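Visitor: just a sequence and a predicted model for now, questions to come.
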Amino acid sequence: MGLACNILNALGGSPLIDRPEFVPQYPGPLPGAVESELIVPLARFSLDLVKNVFMVIEEPETPLNFPVNAFAAAPPLTIGQFYDTIKQLIIEGGQSIFVGNSAKQVTAAVAGQELIQVTDVNSAVQAIEMIVEQGEGTTKSPLSGQGSDIAHYYQFAEIAHGKTLIPNPNAPADAPDDHLRGRSDSVRPQRSAAGDQKSNSFRLSGGFSSSSGVRHLQLHLHEPPEIVA
C-alpha cells in the first residue's frame with residue numbers, strides 16, 4: 001500500500017484511507033473490477049477461505065505449476081493485470097504527469113518491505129512491478145523478486161495444501177510439512193459480517209476508518225515525513 005500511495009502522491013493525488021467511503025463493506029466485491037465474480041467475506045479462518053478467497057485475490061495471470069492440487073481457475077481480471085493497465089497509462093502519460101510533492105514520499109521500510117521514492121516513469125514502473133511481485137511472484141519464480149520471500153499467492157497455497165514450497169523438484173512426498181496444516185478446530189468461533197450487525201466482524205469493519213491507527217497512517221501517507229515525525 002505504501003508503494004501505491006507513493007505513486008498516487010507522485011501523480012499529484014492524495015491517499016484518503018480514513019474516509020468511510022474508502023472502507024470496503026463485507027461481503028462485497030474488490031474495487032476496480034478486479035476478480036469481478038469474487039465476493040469477499042469477513043469470516044473466521046478456514047482452508048476454504050484461503051483457497052476460494054485469499055488465493056483468488058492474489059492469483060497470478062499464469063500461476064506456476066507445482067506438483068500439488070490444481071490452483072483456482074483463471075479469473076477474468078487479476079490484480080497484476082489491473083496494475084499493468086495503470087503502468088501502461090503512466091508510460092503513455094510520460095514525465096509531465098508527475099506533478100506531486102516529492103516531500104510526501106514515504107521511503108522507510110515497513111515490516112521488512114522496501115519502499116522506493118516515486119518521481120518519474122521509471123520509478124513508478126519499478127514500484128508497480130514490486131507490488132505485483134509481492135502478491136503474485138514472477139513468471140519464472142514463486143519468490144517476490146525482493147530476495148527469498150515467497151509471494152503472497154504461494155504462501156496461501158502452502159497453507160491450503162499443507163505443504164512447504166522448497167526449491168528441490170525431487171523432494172519426497174513425505175517431506176515434513178505437518179506444521180502448515182490448517183486446523184479449523186483451533187480457530188475461535190466467529191460470525192461473518194454478512195449483514196449480521198451484532199457480529200465482531202461487522203463492528204470491526206464499520207469502525208475501521210475511525211480508528212486511531214488508521215488516522216495516524218493517513219497522516220503519514222499524506223503529509224511530508226518530517227511533519228509526521
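Guide: Cool, the structure landed. Numbering: from 1, shown residues only.
Visitor: contact partners for T119?
Guide: Contacts for T119 (Cβ atoms under 8 Å, 6 or more residues apart in numbering) come out as A10, F98, S102, Q105. Yep, even glycine has a C-beta here, placed from its N, CA and C like the rest.
Visitor: and those residues as TSV, adding secondary structure, neighbour count and pLDDT?
Guide: Formatted as TSV, the contacts of T119 follow (DSSP: H, G, I helix; E, B strand; the rest coil; neighbours: other Cβ atoms under 10 Å; pLDDT from 0 to 100):
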residue	secondary structure	neighbour count	pLDDT
A10	helix	24	94
F98	coil	20	96
S102	helix	13	88
Q105	coil	21	88
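Visitor: which two of those have the greatest separation?
Guide: Using Cβ to Cβ, the pair of these lying farthest apart is F98 and Q105, separated by 11.3 Å.
Visitor: which residues are in contact with both of those two?
Guide: Contacts common to F98 and Q105, judged by Cβ under 8 Å, 6+ apart, are A10, T119.
Visitor: for E58, see how far away K163 is.
Guide: Distance, K163 to E58, by Cβ to Cβ, to the nearest Å: 17 Å.
Visitor: I misspoke; the intended subject was N6.
Guide: 21 Å.
Visitor: same question for G13.
Guide: The gap separating G13 from E58 is 25 Å, by Cβ to Cβ.
Visitor: out of these two, which sits in the busier spot?
Guide: Taking other Cβ atoms under 10 Å, G13 and E58 do not tie; E58 has more neighbours (23 against 12).
Visitor: quick one, phi/psi of that one?
Guide: Torsion angles at E58 (phi, psi; degrees, to the nearest 10) stand at phi -90, psi 0.
Visitor: what's the answer for the one 3 residues further on, then?
Guide: Note on E61: its backbone torsions stand at phi -60, psi -40 [degrees, to the nearest 10].
Visitor: got it, and G28?
Guide: phi -170, psi 170.
Visitor: how about I150?
Guide: Here I150 shows phi and psi, under degrees, to the nearest 10, equal to phi -80, psi 140.
Visitor: got the contact list for V121?
Guide: V121 touches I90, I91, G94, Q95, F98, counting by Cβ under 8 Å, 6+ apart.
Visitor: what element comes up after the helix or strand hosting the first one heading to the C-terminus?
Guide: Looking back up the chat, that one is I90. If you go by DSSP states H and E, I90 is part of helix 79-93. Once the chain leaves helix 79-93, the next helix or strand it forms, by DSSP H and E, is helix 121-136.
Visitor: and the helix or strand just after that following helix, what other elements does it pack with?
Guide: Using DSSP H and E, the helix or strand that follows helix 121-136 towards the C-terminus is helix 152-161. Packing partners of helix 152-161 (3 or more Cβ pairs under 8 Å, 6 or more residues apart in numbering; DSSP states H and E): helix 55-58, helix 121-136.
Visitor: does S36 touch P29 like I think?
Guide: Yes: the pair S36 / P29 is scored as a contact, 6.8 Å apart, by Cβ atoms under 8 Å.
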